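In: Just the structure for this:
(2 chains)
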2 protein chains.
Amino acid sequence: MAAANGPSPGRLASFYSEVQTSRLHHALQLPTIMCSQFSLVDGPPSSATGNPDEIAKLFPNLFGQPSAALVPAKESVEGKPLKVGVVLSGGQAPGGHNNRAKGSTMYGFKGGPAGVMKCKYVELNTDFVYPYRNQGGFDMICSGRDKIETPEQFKQAEDTANKLELDGLVVIGGDDSNTNACLIAEYFRSKNLKTRVIGCPKTIDGDLKCKEVPTSFGFDTACKIYSEMIGNVMTDARSSGKYYHFVRLMGRAASHITLECALQTHPNIALIGEEVAAKKQTLKNVTDYITDVICKRAKLGYNYGVILIPEGLIDFIPEVQKLIAELNEILAHDTVDEAGVWKNKLEPESKKLFEFLPLAIQEQLLLERDPHGNVQVAKIETEKMLIAMVETELEKRKAEGKYKGNFIGQSHFFGYEGRCGLPTNFDASYCYALGYGAGALLQSGKTGLISSVGNLAAPVAEWTVGGTALTSLMDVERRHGKFKPVIKKAMVELDGAPFKKFASLRDEWAVKNRYISPGPIQFIGSGADAVNHTLLLELGVQA
Amino acid sequence: MAAANGPSPGRLASFYSEVQTSRLHHALQLPTIMCSQFSLVDGPPSSATGNPDEIAKLFPNLFGQPSAALVPAKESVEGKPLKVGVVLSGGQAPGGHNNRAKGSTMYGFKGGPAGVMKCKYVELNTDFVYPYRNQGGFDMICSGRDKIETPEQFKQAEDTANKLELDGLVVIGGDDSNTNACLIAEYFRSKNLKTRVIGCPKTIDGDLKCKEVPTSFGFDTACKIYSEMIGNVMTDARSSGKYYHFVRLMGRAASHITLECALQTHPNIALIGEEVAAKKQTLKNVTDYITDVICKRAKLGYNYGVILIPEGLIDFIPEVQKLIAELNEILAHDTVDEAGVWKNKLEPESKKLFEFLPLAIQEQLLLERDPHGNVQVAKIETEKMLIAMVETELEKRKAEGKYKGNFIGQSHFFGYEGRCGLPTNFDASYCYALGYGAGALLQSGKTGLISSVGNLAAPVAEWTVGGTALTSLMDVERRHGKFKPVIKKAMVELDGAPFKKFASLRDEWAVKNRYISPGPIQFIGSGADAVNHTLLLELGVQA
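Out: Below is the predicted model of the structure:
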């Protein structure tokens, strides 16, 4: 009896800060459509983002499903009590605690998909859920990174669904988790289970989005927390007049967080991985770009600045990828000799790049290996690496008489601080609507949809609610000779409104100091309901 | 004509965020005593904190001055227009922009005390000051770390005072800067200058305080910003269940920031440097203490936690000081051989300690030297050092079968993010009162006092305002055979209320999860006016 394991280490609202308590009591608004009688209207049949034929083969029961939208109705969908399981999948994002099911029984699977497979759960009754309302974190039931993949694992999920007589399973996660949700939906349907599966878009990285799902929850809060910190170091840079703050920001695959923070704060430089990749830039190009700005600023008398760097920057640089692949090969088979003869096994351009890297980074590449013996790119402190490379380049230019300034780099990494903050009003309301929407979809017997809340630039009352066929978001990738369904990560689009706005302003930001300090997230008063720039620009609201 | 240099790179309120703008318009309350007619009442003659005879010799014109307090009066001090110079000295602290002088002319010396010596200033008229109201940072006139020390420098300051016909000079800074303010006051008095000098207590470190000056501005804001971040990583720790977050916090000399953040957030461990020093703990003791808690928690099923570390921790460990002194000596005279023979020049216990240190720290100690060739203790990433040492100890215990958990350390340094945040309501009001108070003291012809605002646990209206003789805060230190006046840094008192409260609760916090997430600083609503724990406890308000 997993439920008898007792409550998790748990929160005690009696230990809450004043702000936590006030958030606990903060009343959330629902979209008007959900406040009175509504029914569900299906759209036209759907296809897939790419390779519809392959997707159709992978999802014979679900492919082509229409999306669904809530519309006002004279009589409402009969609200029968449901049994619904909820699972959090992947990294934390603020807002994940805002789910509810009126009149229904809710089970929270503990520790992510593993909880589904092992049938480890806790009943999410009103008392249990209460302390988590509008709070950050995923600690109510915790998350996990397991996937339900093998036939045995699908069978385990089926057993759990049957044992708990689940009418529905709500999977809250990013692109991978929602792909997995769709596979489970397909499997349950193929087995004629009554259990429907609905996904919810969650990731601070902001890389699960499309027309129908304009954003993922957590992105708004995380970016605002990082932007608060960036605004503070900007003020510090301007006050002390002697530091270049190199700020690395979470977000490995896509650079949405860096772009949003740039739009919020106007740094002197923000590197966007997608642009670096599109322009096939080298590490030397990136270093030169930063150094050029620093030199220009020095001439204006500014020996300080703020530079934003996406966590995944070096993943976007082709030559670095090549070097790492070669290193993995060499390190797997050869020993690294002190004298450095091993380096001759690198291709000439990789050898050149390796020697261009700061010593500390060279050592990190050689020493820090994951359990498979591979170089751990994630462990590379890109911001420190860039500081060292910029220093070297500036010394060179100083010797050549081209630079007369002073340079002190300060490194920062903003990551964990943002994943679990108290959700903004936007994220709190958005999650609430997503959760309610998932419940409405389940009530109507829908499966394989992702809860979709739209019209997000408008006040909450005017938001639209519905579900989008998960198969319509999919494409396939070939892995180990087989087609695998994937929801492709939404990357920063270089012809999208957010990047274009940034690109049109960055030269001004580079040399003039247009810093904006967003300050701490406010829950009441001016600015408390502001929506993030990326979303507004993508929705065409800001020019 | 320094004033003709034009505005500083400067702020444009048109670029402000919504929160910055709302703070710009935020009306500040003044203590009631300042809102109507008041006069200044002198207290009894003062002495010094230590060695009054020496202080009397060093300050023949000022020693023994009474403190002064504002009291209601039928007729007010005649408010004649004054010419007042203001200078910011030392590191940034939120609130420093909140100064004003009604009807007077104010000059802001640029870049700290150097601006006084070089007579570089800007006139702080209403338009110029406007965008800085209630904003963080010191960028209005910037700060600097110079001191006015030599006879030539005092003469330069005198020339500036004469040139600008200054009635007063307000020095905003920490212990050193206020000591310097008193020396300038003494010098100006000895020269019969009309220029009076008043100090204001500024430091995020919280180590300039005494009975009459219960806190320094900036401490409240900085601690609340750090506590927001700590609260977030706590939620992250509890959600992911797999990380130990080691958080190093700014504050080199005293551990007030760490203590306040501990009281705000209830971490599993908070190291207080003053306690480590008092107990003469070794680095091994500290490592064992942390490791013991981690092992206890592992038995309870918690493989996660949050540990706070004051920036200056290792400065408090006698054996580390000894090692560093020996290293400085050896490195100045000898070369360091690869084989490590040089280590035999260390005393046996220092050699043992050196070899106990993680490799990366050993290298840092040998390689990173300041311009004088000394080891840069400030550059040591104590949090990473402790993670490495704890890892080693845990591996040992695992091998002995005494520990079965998993450990992943995540390091953080929260520093620059906190120095320049938007000041809390408390800091904004406190600075406003301090500045107004300084003006009132100057109006009354006072010099060599530090602006003192009291009764801070009460609402702003009830705050008291006055000035405390700077000489009364002083003691002497012997340097190069001479007595030098110093305002001793206020360290964490192990028998003070804040530490005692922490000490009475930390064992519970260690094993139970009593985390509190203060959330982002709010400017309106619940909690917006909360005063920090340290101050409340020191004032005896919280039991």
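
In: Where does the residue lying closest to A:Pro45 once chain neighbours are set aside sit: helix, strand or coil?
Out: Setting aside the residues directly before and after it, A:Pro45 is nearest to A:Gly64 in space (C-beta to C-beta, 6 or more residues apart in numbering or on different chains), at 4.6 Å. (Each C-beta comes from the backbone N, C-alpha and C, glycine too.) The local conformation at A:Gly64, judged by DSSP: H, G, I helix; E, B strand; the rest coil, is coil.

In: residues contacting A:Glu309?
Out: In this structure residue A:309 is Ile, not Glu. A:Phe246, A:Val247, A:Arg248, A:Leu249, A:Thr258, A:Leu271, A:Thr382, A:Glu383, A:Leu386 (C-beta atoms under 8 Å, 6 or more residues apart in numbering or on different chains).

In: Which residue is the nearest non-sequential neighbour of it?
Out: Excluding the flanking residues, the one nearest A:Ile309 by C-beta to C-beta, 6+ apart is A:Arg248, at 4.7 Å.

In: Run through the bridge partners of the one you found.
Out: For A:Arg248, the beta-bridge partners are A:Ile309, A:Phe413 (DSSP bridges).

In: wait, it sits on A:Glu381?
Out: Yes - applying C-beta atoms under 8 Å, one finds A:Arg248 in contact with A:Glu381, separated by 7.3 Å.

In: Need the residues touching each of those two.
Out: Residues touching both A:Arg248 and A:Glu381 (C-beta under 8 Å, 6+ apart) are A:Ser411, A:Phe413.

In: More neighbours: the two, which one.
Out: Between A:Arg248 and A:Glu381, counting by other C-beta atoms under 10 Å in any protein chain shown, A:Arg248 is the more crowded of the two (26 against 16).

In: Helix or strand for A:Val453, just tell me which one.
Out: A:Val453 is part of strand A:449-454 when elements are defined by DSSP states H and E.

In: Each with direction, which strands does that strand pair with?
Out: Listed by DSSP bridges, the sheet partners of strand A:449-454 and their directions read strand A:196-201 (parallel), strand A:464-469 (antiparallel).

In: quick revisit: determine the number of other residues adjacent to the residue nearest to A:Pro45.
Out: In terms of burial, A:Gly64 registers 18 neighbours under the definition other C-beta under 10 Å.

In: Just list the residues touching it, thanks.
Out: With contacts taken as C-beta under 8 Å, 6+ apart, A:Gly64 has the following neighbours: A:Pro45, A:Ser46, A:Ser47, A:Ala56, A:Ala469, A:Thr471.

In: how near is the residue nearest to A:Leu441 when sequence neighbours are not counted to A:Arg196?
Out: Take A:Leu441 and drop its neighbours on the chain: the residue closest to it by C-beta to C-beta, 6+ apart is A:Gly467, 4.5 Å away. Using C-beta to C-beta, to the nearest Å, we find A:Gly467 at a distance of 11 Å from A:Arg196.

In: shared neighbours of these two, anything?
Out: Overlap of the contact sets of A:Gly467 and A:Arg196 (by C-beta under 8 Å, 6+ apart) consists of A:Leu441, A:Lys446.

In: Between the two, point out the one with more neighbours.
Out: The residue with the greater number of neighbours, taking A:Gly467 and A:Arg196 and applying other C-beta under 10 Å, is A:Gly467; the counts read 31 against 26.

In: who does that one bridge with?
Out: Following DSSP bridges, A:Gly467 is listed with bridge partners A:Ala68, A:Ser451.

In: Ok, the one 10 residues further on next?
Out: Beta bridges link A:Glu477 to A:Lys484 when assigned by DSSP bridges.

In: check contacts around it.
Out: A:Phe483, A:Lys484, A:Val486 are the contacts of A:Glu477 under C-beta under 8 Å, 6+ apart.

In: closest point of the stretch 151-300 of chain A to chain B, which residue?
Out: When distances are taken as C-beta to the nearest C-beta, the stretch 151-300 of chain A approaches chain B most closely through A:Thr235, which lies 3.6 Å from it.

In: where does the residue most central in space within chain A fall, helix, sheet strand or coil?
Out: Among the residues of chain A, the one closest to the centroid is A:Asp205, at 2.1 Å (C-alpha atoms, centre = their mean). Using three-state DSSP, the secondary structure recorded for A:Asp205 is coil.

In: sorry, back to before: let me see the contact set for the residue of the stretch 151-300 of chain A closest to chain B.
Out: Under the criterion of C-beta under 8 Å, 6+ apart, the contact partners of A:Thr235 comprise A:Tyr515, A:Ser517, B:Gln92, B:Gln135, B:Gly136, B:Gly137, B:Asp139, B:Cys420, B:Gly421.

In: Now do the strand holding A:Val453, average pLDDT.
Out: The average of the pLDDT scores along strand A:449-454 is 97.

In: Now do that strand: everything it contacts.
Out: The set of residues that contact strand A:449-454 without belonging to it, under C-beta under 8 Å, 6+ apart, is A:31, A:65, A:67-68, A:178, A:181, A:198-201, A:212-214, A:430, A:433-435, A:437-438, A:441, A:463-470, A:473.

In: hmm, back to that, quick check: the residue nearest to A:Leu441 vs A:Gly241, distance?
Out: As it turns out, when the distance is counted by C-beta to C-beta, A:Gly467 lies 54 Å from A:Gly241.

In: Likewise for A:Ala339?
Out: Between A:Ala339 and A:Gly241 the computed distance is 45 Å (C-beta to C-beta).

In: For the closest residue in space to A:Lys296 that isn't next to it in sequence, grab the count of nearby residues.
Out: Nearest in space to A:Lys296, with sequence neighbours left out and distances taken as C-beta to C-beta, 6+ apart, is A:Val511 at 5.6 Å. Residue neighbour count, defined by other C-beta under 10 Å, stands at 15 for A:Val511.

In: I'd say A:Val511 and A:Asp292 touch.
Out: No - taking C-beta under 8 Å as the definition, A:Val511 is not a contact partner of A:Asp292, at 10.7 Å.

In: Am I right that A:Asn162 is in a helix?
Out: Yes - secondary structure of A:Asn162 (three-state DSSP): part of a helix.

In: need the contact list for the closest residue to it other than its chain neighbours.
Out: Using C-beta to C-beta, 6+ apart and skipping residues adjacent in sequence, the residue nearest A:Asn162 is A:Leu193, 7.2 Å away. Contact analysis of A:Leu193 by C-beta under 8 Å, 6+ apart lists A:Glu158, A:Ala161, A:Asn162.

In: Contacts only, for the residue in the stretch 351-500 of chain A positioned nearest to chain B.
Out: Evaluated by C-beta to the nearest C-beta, the stretch 351-500 of chain A has A:Cys420 as its residue closest to chain B, separated by 3.7 Å. When the contact criterion is C-beta under 8 Å, 6+ apart, the partners of A:Cys420 are A:Gln92, A:Pro94, A:Gly136, A:Gly137, A:Phe138, B:Asn232, B:Val233, B:Met234, B:Thr235, B:Asp236, B:Ser239.
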